[in-house]
Structures are given as C-alpha cells and as structure tokens.
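Pasted the sequence and its predicted model underneath.
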Amino acid sequence: MTIEPARLPLMANAIRALSMDAVEAANSGHPGMPMGMADVATVLWTRHLKFDPNAPFWADRDRFVLSAGHGSMLIYALLHLTGYERPTIEDIRNFRQISSPCAGHPENFLLDGVECTTGPLGQGVAMAVGMAMAERHLNAVFGDDLVDHRTWVIAGDGCLMEGINHEAIGLAGHLGLGHLNVLWDDNRITIDGATDLSTSEDVKARYTATGWHVTECDGHDFDDIERALQEAKADPRPSLVACRTVIGKGAPNKQGTSATHGSPLGAGEVAAARETLGWEAAPFEIPSEILADWHMAGEPGRAAHGAWAGRLAASDHKADFERRMAGDLPEGFSLESHIAGLIGAPQKIATRKASEIALAAINPALPDTIGGSADLTGSNNTLAGGIGTFKRDNYAGRYVYYGIREFGMAAAMNGMALHGGVIPYGGTFLVFTDYARGAIRLSALQRARVIYVMTHDSIGLGEDGPTHQPIEHIASLRAMPNLLVMRPADAVETAECWEIALQQQDRPTVLALTRQNLPQLRLEAGENLSAKGGYRIKSAEGARKVVILATGSEVALAYDCAAQLEAAGVGVDVVSMVCSELFDEQPDAYRADVLPADALIVSIEAASTFGWQRYTGTGGINIGLDRFGASAPAGDLFAHFGFTAEAIVPQIQSKLNA
C-alpha cells in the first residue's frame, strides 16, 4: 500500500504544525529549519528511509542523522508521527522541559531513533561519515544479506561552514562512501541574517572537488525532491543534495528570514501560518487520516526487517554478528596471557610501544577493532596485529589513515561506535586533543566506546618544544564527565588500561602514553590493579609517613624519591594513580586506605597541578608544571623543571619537619 502523492503536503504540514506548536509552548527553540525541511523529510521518510518503528535498534536499518540539531523538532515530529513508542504527544507538548526526552538538541540516550547527539554544528555530518564507514566494513565482513543500508543526513548551512566539514567530506570522498547521502538545507539563512553576510563559498564545487556526487532540487517540489534522492542513491559516490528551501516555510510574514531561525514565531504568526497552510487542527492534534498516512510510512521497513530476520536466522554468522552488534567482547577475551608474558620478560620501553605490543595481541583476537591515526602512525604505534588498510577497494581492512584530520577522526570514531559492531581507536599527540576536543566531549556525552591513543604525553617528548608539550591537557580532560583518562606507568599498566578501555560499553577512554622509555615496575602477576584507578604499587618499608601519588612516567620518579626517604628513615607508600575517575568510583574504605589521613600526601605529575589538591589536601605537596615547557632533550627538561628525586625529596623533608 503506497501513500498517494497528494497526501504528502498534508503530511509535511503535520511536521510544521508540531514544530511551531512545540516551540511556541516552550517559548524557546528553532522552528524555521523543521518547517523549511518538512517537505524533504517527508519524501525521505516515506519513500527512501529503511526503518522499523517497532525495532529502533534493528541492525540493518538506515541511519538518519539530523546534523542541524537545533532543528530538533523535525526528528521529534518524525519519530512521533511514524509510530515510535516515544516521543509521545505529551513529550512533544513538554519540548525543552526537564520532564521530556525532547531536549533542545537531540540526545541519543534519551530517545530511540535518535542515532547520535547533535547540536554542535558539523559534527553530525562527521559522525555520519563514521557510520557509513562502519556499514561498509561490516558489509565486507558479513555480506549484503546482513549489512546493506544507507546513512542519511540533514545538514544546514552552519554544518557545512564548520571546519570539521572539510575534514569529514575529504575523508568520505577519498574512501568512496557511496551509501552516504547528505541533504543540505540550502535556505541561505543563519542567525545573523543572510549567508552572504559571511560567506561567498561555492559549496557544491567544494564537495565536487573532494570526490562527491552533487545534485540539487527545489526543496518544496515533491517530484523534484524524489528525483534528486533517486539520483543520489544511484551514484556510487557519497552524495550532496542541495535542497533549496525557504526557512520557516508557511509562516507568511517571517518565512525566508532569520526571525524564524532561533525564536518562537509568536502567537499571531502561528495563527497566520495555520491559515496559510490550511491547518485547522488544534495545537498538538494530528488528524487521524494524516497520522494513518504517517504510520503507513514504516510498513516497507517492517517488511524489510522481517526478511532480514529470516536471513539472519539462517546465517552461519548469526552468533558473531549479534555479539558484535550488542557490543559484547568475545567470550573469554582477556589480556591475561599477554600480561603474563610481560611479567616473564620485563622491558624498559615507552608506553606508546607497550600499547603497540598490546595491540599486537588484541587485534588478532578481537575482530571488532578498527584502528587509525591522524598521520602519526609511526609515532602513535597504532598499527599492529596484521590488520590491513581500510580503503575504497578493501573495506574489510581495519586500519584507517585519517590524514591530518584530528577532529574529523574523533567524530568519525564516534559515528562508528554509535553504529555498532566495531570498536574504534585512533591516535595523535596528546596536545592535539585540543583539535579533537569537541568530538571527545560528544564521545563522553553520547556514552560511546571510543579509545583515544594519545602519545607524547608530557615534556618527556623533548625537543619538539612547548607547542607540542601538553601541560593543561590531562587536567582539562579529567574535568570532562564520563571520560576515563588513563596514564599508565609501564608496559603492564598499559596492557591493563587497554583491557579496561575495551570493556567500557558506555564511555570513552583517553590513553596518555609516553614517547620516552620507562622501567617496568610491575613484576608480579595478579588482578588488574589499574581497574581500581589508583593503587599502592609500593608499600612503605618503615612506619608510613608519606604517600606519593604519581602517574605515568613520574611513578618511577616516585620510586626514586621513596628510596631516598626510606634511607633517611621515612616510610613511603607509592600510589600509581592510573585513572582518577576509576579511583573515585571505589568504595570510601578503599580510598581511605590508599590515602590515609595521617600521612603527608604528595602528588607528582609532569603536567598542570590543577585538580591534585582534591587528593593531597591543602596541607599536601603538588609537584607539577604550571607553565609551558621548553625545547631540549627529555632528560634535561625533567632536571630543569625539578622532576628529580634530588629536587623533590628536600621539599618533602621540609614539609615533614615544619
């Protein structure tokens, strides 16, 4: 049963009505984009998008990304109208209120059917690139019977202006992601006014230059929209469809202007829009025949889902496919034997090298991983375990050469993780988390299992100097909710950190790794001690008076300090604070035992001291670097900035004797 073409304008007006009513009720929001793109969205959702409202997590559904997340009422209206369990009409009535899942910008953890959290412009398109990458990879692994779907994006002018858009579309064009289609809301309006206030760029030429197929349509002509979407689906390249629209379409006095972009229309304009659109229903009411049309839109997807389920049931890959899509690790997966090998043959190596050795064990045993680097493969040591290159003629490959695109890499990894079936990791220098920070924040907010391999983690990187030496980065990343920041001290802790990161189904991890070699301090096998976040790696030999907290390369320095103090009759515990977030999750009694109230607590980290006072108290000592570094060999820098036992021990003794 098909929807008659004459019904499409009425269906689109249902989106417009819900959008302007919800924004008006909230006295807050963006009605213009949903009203302008209602016609395009109606054609997409009724004729092209593969979805099943009764199975929002069906693995082979098309992914729909509203990159222009400020227009969130578009997706809320679509989910409600097509029959998803939520949002209910009451949810929409309470748009932007604490009691409703209809947040100001779409949140993937609040509503099924919202594939990713959007709002920071440009990141939706970039995450969609990652989703398309995951789809092509899983298709290469499992075949068309189980994985063969598209990723559709609605993006605005702002999404295409953001710098990340250049990174994302360059990668997508290079990889030939033909199942990716971006529908550009070409309304030529931003909050400040017409786009010609700030740009004269030929967007279509830019996309063409990066290897995309580009077409355009009248965004209010249903037949022309249909033609353009068919053309996009038929082309083997990723496609940009420039949909020429009128922002706020239907609001007779404000349409086509920035007045409809980020403010309610006002009661008078809403009434005028109802008259212009011929919409006679009361606010938040949808005529039953229009709602029935919308419910019919999901029927092709339900049928496709049923056929797919039959293929899955008959597939030899069923168990592995379901495991991967559920985000579970293979039964019995562990790095225990790898760690036992490290214990048996201690090595003095950089933790970036220890990470590479861990990956050589992980990648052959865990086919879910897709690695990569932002043009620093040889420095990040992220290519290991025999994984091939992911490229347009080998989507089965598991290593992505992202180029110098840190932000684009991080956002694409978010998309891959949210798509499911893969566990992405990617590397760059820790200082360049500044470039990727917006996407790292969305990793944490969206509860995405993304692993950031961030090497060259301190002044220990040496001669490249202060532009490349992270100072404030670790502290600032620790301040981010739902993000594990791990700084391992040796090869054993590095392997433990990898094991922990892989187990996190609902949060990302940053691994901060050294360039310089470190001694192996862990020499006995046992439980994963790093899982506690902080643990006593060395116990006091005499009566304990001091506890030294340290991370990464400074744990070995803490050992040196402890040795000198013990020789002077001062008992010292050394605590490796691998991950403060995990330590904070431990029971009170455990934390009190590790950081006893009757000891002088000293922190040592070759980075900003910000945040350490929560553990040392105001009566403790914080050894760190609250200035920029310098260009010199690593050993000279550590000595120059006071990271030696000879410089630190006198400070501790002075405090004890005060």
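Okay, I see it.

Please, where are all the strands along the stretch 201-350 of the chain?
213-218, 239-244 (DSSP state E, counting those that start in this stretch).

Next, the angle from the last one to strand 213-218.
Same thing as strand 239-244. Orientation check (axes from the mean of the first three to the mean of the last three Cα atoms, to 10 degrees): strand 239-244 against strand 213-218 gives 20 degrees.

Summarise which helices and strands strand 239-244 is packed against.
In terms of contacts (3 or more Cβ pairs under 8 Å, 6 or more residues apart in numbering; DSSP states H and E), strand 239-244 is packed against strand 180-186, helix 203-209, strand 213-218, helix 222-234. For glycine as for every other residue, the C-beta is placed from the backbone atoms N, C-alpha and C.

How far off centre is the last one?
Right, helix 222-234. 31 Å (Cα atoms, centre = their mean, to the nearest Å).

Surely residue 138 and residue 147 touch.
Yes: in this structure, residue 138 is within contact of residue 147 by Cβ atoms under 8 Å, at 4.3 Å.

When the two are compared, which one has more neighbours?
residue 138 (25 against 21; other Cβ atoms under 10 Å).

re the thing from before, dump the helices and strands packed on strand 239-244 into CSV; add mean pLDDT and mean neighbour count as well.
Listed next are these as CSV, based on pLDDT from 0 to 100; neighbours: other Cβ atoms under 10 Å:
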stretch, mean pLDDT, mean neighbour count
strand 180-186, 98, 28
helix 203-209, 98, 16
strand 213-218, 98, 19
helix 222-234, 98, 18
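
quick one: which of the ones you listed is nearest residue 9?
helix 222-234 (7.5 Å; Cβ to Cβ).

which strands and helices sit next to that closest one?
Short answer (3+ Cβ pairs under 8 Å, 6+ apart): helix 222-234 packs on helix 38-47, strand 180-186, strand 213-218, strand 239-244.

Give me the residues contacting stretch 156-167.
33, 67-68, 70-71, 121-126, 184-190, 195, 198-199, 201, 203, 206, 405, 407-409, 411, 438-439 (Cβ atoms under 8 Å, 6 or more residues apart in numbering).

any residues touching the host helix or strand of residue 76, and which ones?
For residue 76, the enclosing helix or strand under DSSP states H and E is helix 73-82. With contact meaning Cβ under 8 Å, 6+ apart, helix 73-82 is reached by 11, 14-15, 18-19, 22-23, 29-31, 33-34, 37-38, 41, 45, 51, 53, 64, 66, 86-89, 91-92, 95, 102, 106, 111, 113-114, 154, 286, 291, 294-295, 297-298.

how about the helices and strands packed on strand 239-244 in CSV, adding distance to residue 538?
Putting the helices and strands packed on strand 239-244 into CSV (distance: least, Cβ to Cβ, whole Å) gives the following:
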stretch, distance to residue 538
strand 180-186, 52
helix 203-209, 57
strand 213-218, 61
helix 222-234, 62
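
still on that earlier bit, would you list the buried entries among the contacts of helix 73-82?
If you count burial by 16 or more other Cβ atoms under 10 Å, the buried members of these come out as 11, 14-15, 18-19, 22-23, 29-31, 33-34, 37-38, 41, 45, 51, 53, 64, 66, 86-87, 91-92, 95, 102, 106, 111, 113-114, 154, 286, 291, 294, 297-298.

Now intersect those with the strands, please.
Using DSSP state E, 64, 66, 154 are the members of those that sit in strands.

Tell me how far the residue nearest to residue 122 when sequence neighbours are not counted lies from residue 8.
Nearest residue to residue 122, sequence neighbours excluded (Cβ to Cβ, 6 or more residues apart in numbering): residue 162, at 3.0 Å. Taking Cβ to Cβ, to the nearest Å as the measure, residue 162 and residue 8 are separated by 32 Å.

so where is the stretch 251-400 of the chain shaky, pLDDT-wise?
Scanning the stretch 251-400 of the chain for pLDDT under 70 picks out nothing.

Please apply the same query to the chain.
Within the chain, the stretches with pLDDT under 70 are 1.

coming back round to it: now do the helix holding residue 76 and helix 38-47, the angle between them.
40 degrees.

Who's the closest spatial neighbour of residue 227, skipping the chain neighbours?
Nearest non-adjacent residue to residue 227, counting by Cβ to Cβ, 6+ apart: residue 217, 6.7 Å away.

Check residue 481 too.
residue 444 is the one closest to residue 481 (Cβ to Cβ, 6+ apart), at 6.1 Å.

now swap in residue 491 and tell me
residue 354 is the one closest to residue 491 (Cβ to Cβ, 6+ apart), at 3.8 Å.

before we move on, which element is the one you found in?
Per DSSP H and E: helix 351-365 holds residue 354.

Could you pull out the buried residues of that helix?
Here helix 351-365 shows 351-359, 361-363, 365 as buried, counting by 16+ other Cβ under 10 Å.

what are the phi and psi values for residue 156?
phi -110, psi -180 (degrees, to the nearest 10).

and it, how many neighbours?
Residue 156: 30 neighbours (other Cβ under 10 Å).

Check residue 316 too.
Residue 316 - counted by other Cβ under 10 Å - has 7 other residues nearby.

Then the one 3 residues further on?
The number of residues packed around residue 319, counting by other Cβ under 10 Å, is 9.

distance of the nearest residue to residue 349 once chain neighbours are set aside from residue 350?
Nearest non-adjacent residue to residue 349, counting by Cβ to Cβ, 6+ apart: residue 517, 5.6 Å away. Distance of residue 517 to residue 350, given as Cβ to Cβ: 5 Å.
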